[in-house]
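Participant: model this:
(3 chains)
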Amino acid sequence: MKESIVIHWFRRDLRLQDNAALYNALKSGKKVLPIFIFDRQILDKLPKRDLRVVFIHQTLLALKEELQSWGSDLQVFYGETESVWRELLQQHNISAVFTNRDYEPYAIARDTRIRDILSDKQIALLDYKDHVIFEFNEVLKDDGKPYTVYTPYSKKWKALLDPYYYKPYPTETYFKNFLKFEASKMPELEEMGFDNTPFTFPASQSSRSVISNYHLNRDLPAINGTSRLGLHFRFGTISIREKVGKALAINEKYLNELIWRDFYIQIMANFPHAMKGAFKPAYDGIEWQNNEAHFKAWCEGKTGYPIVDAGMRELNTTGFMHNRVRMIVASFLCKHLLIDWRWGETYFAEKLLDFELASNNGGWQWAAGSGVDAAPYFRIFNPYLQTEKFDSKFEYIKRWVPEFGTSQYPKEIVEHTKARELCLEVYKRALKISD
DNA sequence: TTTTGAGTTGTTCGA
DNA sequence: GTCGAACAACTCAAA
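Facilitator: Numbering: from 1, shown residues only, chains lettered A, B, ... in the order given. The predicted model follows:
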């Protein structure tokens, strides 16, 4: 009989420190085999050059090295998740599987399938809260139902917060409990059909000065004043508990941004229908123009609106766009161009390194006006006023649109005042608002 | 049950 | 240039 072991299944928690499921696996009394699966069902749909896959690959290499220094290793698979698990069941005497919960609809369905496969062999899939501070059913209204408005949600969130919720898990105390073994070779990016040109990912910024000046700088795209933590939260390379502890100590404005993340994740978990269509059904009735040429110009940063074009070019070049500019380009797509917000959502999903389904969907529905606690339909960003307020010296614009101010720069694809009037008309019609 | 106050990120217009 | 009101009502959350 083979040695009875437990497995820690890494997914979006790619770190050894302060990791809830890993901590519990290491404390279980059995040796821990750490694994990761490159899921073909996800990877096969991605373009050949996807920086997020590069990021995961780089992170796994680092994890592997760290584990090897403990005499252990990381076993990385490439294939269909279910067949990988069937293989694991044949190879090992598994007593339990530990993992951290993922609240996206695809992940929930996948985990249900794997839980069934494991339970056929009387093996439990033990899942833990790690990705958020409070889960979808932990911050509720007095009537027991989930919140759909941010401000009261955040008040309740803060009232419930106790150091218990952000205390780090001292995972490192138990590192001696990793299984000693040598993993088979990790699949290379090319073997999985991806371009492997190296990429240097921007460092996250969470020094005391960045956090304490966050609310002063966050709206100025020319300043690198945002935290750049999105990518790390997405793949779990940084613990949310650690950052909440820090935010509480330094800057409550910054804490609010972390609460927004929990808020949208609980919206996704409680109202999964909103991931496909408008949260408020009336907005599904908007007669979008969906002009392909306009969409192409928006994607390429050739709308003739400098702030919009700068944002789109930053996104296309770096996989990042400043938060203030995300709102401007989103409002422009939905309201000036009258293009379905889901087109923009999909484009961001492809391009953003820090793409998180819940936040991306929440942000787009906010811009379109169709979501929870969204912008009212008549709130239409004026790209020129936004530039005056947030990039008055055109520093950000010039960085990304070098031909700005020359005859090379394209003409506006739509005229602001006309586009605004048309938008109000179309929205009023869908929402049945009379003049 | 009813009432009350409030709701991330804005713009335009007219005094 | 500056300031307040209108934009449009509705729904949410809590007292």
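Participant: C-alpha from now on. contacts and neighbour counts both.
Facilitator: Will do.
Participant: Just to be sure, A:Asp127 is in a helix?
Facilitator: No - assessed with DSSP: H, G, I helix; E, B strand; the rest coil, A:Asp127 is strand; it does not lie in a helix.
Participant: ok, now which ones touch whatever residue of chain A ends up closest to DNA strand C?
Facilitator: Proximity to DNA strand C, evaluated over chain A using Cα to the nearest atom of the strand, is greatest for A:Tyr147 at 3.3 Å. Neighbour list for A:Tyr147: A:139-141, A:153 [criterion: Cα atoms under 8 Å, 6 or more residues apart in numbering].
Participant: I'd guessed A:Ala25 sits against A:Phe98; true?
Facilitator: Yes - counting by Cα atoms under 8 Å, A:Phe98 is a contact partner of A:Ala25 at 6.0 Å.
Participant: out of those two, which sits in the busier spot?
Facilitator: A:Ala25 (28 against 25; other Cα atoms under 10 Å).
Participant: next one: phi and psi at the more buried one?
Facilitator: phi -60, psi -50 (degrees, to the nearest 10).
Participant: And for A:Ile35?
Facilitator: According to degrees, to the nearest 10, A:Ile35 has phi -130, psi 160.
Participant: and A:Thr171, what does it touch?
Facilitator: A:16-19, A:22-23, A:26.
Participant: ok, now A:Tyr174?
Facilitator: Contacts of A:Tyr174 by Cα under 8 Å, 6+ apart are A:23, A:26-27.
Participant: Kindly indicate the member of those with the most neighbours.
Facilitator: A:Leu26 (25 neighbours).
Participant: quick one: buried residues of stretch A:386-394?
Facilitator: Across stretch A:386-394, burial judged by 16 or more other Cα atoms under 10 Å covers A:387, A:390-391, A:394.
Participant: burial count for the nearest residue to A:Asp13 once chain neighbours are set aside?
Facilitator: Leaving aside its chain neighbours, A:Asp13 sits nearest to A:Gly236 (3.9 Å; criterion: Cα to Cα, 6 or more residues apart in numbering). Counted with other Cα under 10 Å, the neighbours of A:Gly236 add up to 20.
Participant: right, and A:Gly236 touches A:Phe10 too?
Facilitator: No - counting by Cα under 8 Å, A:Gly236 stays clear of A:Phe10, with 9.6 Å between them.
Participant: and the stretch 51-200 of chain A, which of its residues are near DNA strand C?
Facilitator: Within reach of DNA strand C by Cα under 7 Å from any atom of the strand, the stretch 51-200 of chain A has these residues: A:141-142, A:146-149, A:152-153, A:156.
Participant: For A:Glu350, state which of those residues is nearest.
Facilitator: A:Thr148 (27.1 Å; Cα to Cα).
Participant: residues contacting that closest one?
Facilitator: Applying Cα under 8 Å, 6+ apart to A:Thr148 gives the contacts A:267, A:372-373.
Participant: how does it look with 6 Å?
Facilitator: A:Val372 (Cα atoms under 6 Å, 6 or more residues apart in numbering).
Participant: on that earlier part again, counting neighbours, which of the contacts of A:Tyr147 end up buried?
Facilitator: Applying 16+ other Cα under 10 Å to the contacts of A:Tyr147 flags A:139-140, A:153 as buried.
Participant: Out of the contacts of A:Thr171, which comes closest to A:Thr346?
Facilitator: For the contacts of A:Thr171, the nearest to A:Thr346 is A:Asn19 (30.6 Å; Cα to Cα).
Participant: so how far is A:Asp18 from the nearest residue to the closest one once chain neighbours are set aside?
Facilitator: Closest residue to A:Asn19 apart from its sequence neighbours, by Cα to Cα, 6+ apart: A:Tyr169 at 6.2 Å. Distance of A:Tyr169 to A:Asp18, given as Cα to Cα, to the nearest Å: 4 Å.
Participant: Name the residue in these two with the higher neighbour count.
Facilitator: More crowded of A:Tyr169 and A:Asp18, by other Cα under 10 Å: A:Asp18, with 22 against 17.
Participant: Phi first, then psi, for that one.
Facilitator: The phi/psi pair for A:Asp18 (degrees, to the nearest 10) is phi 50, psi 60.
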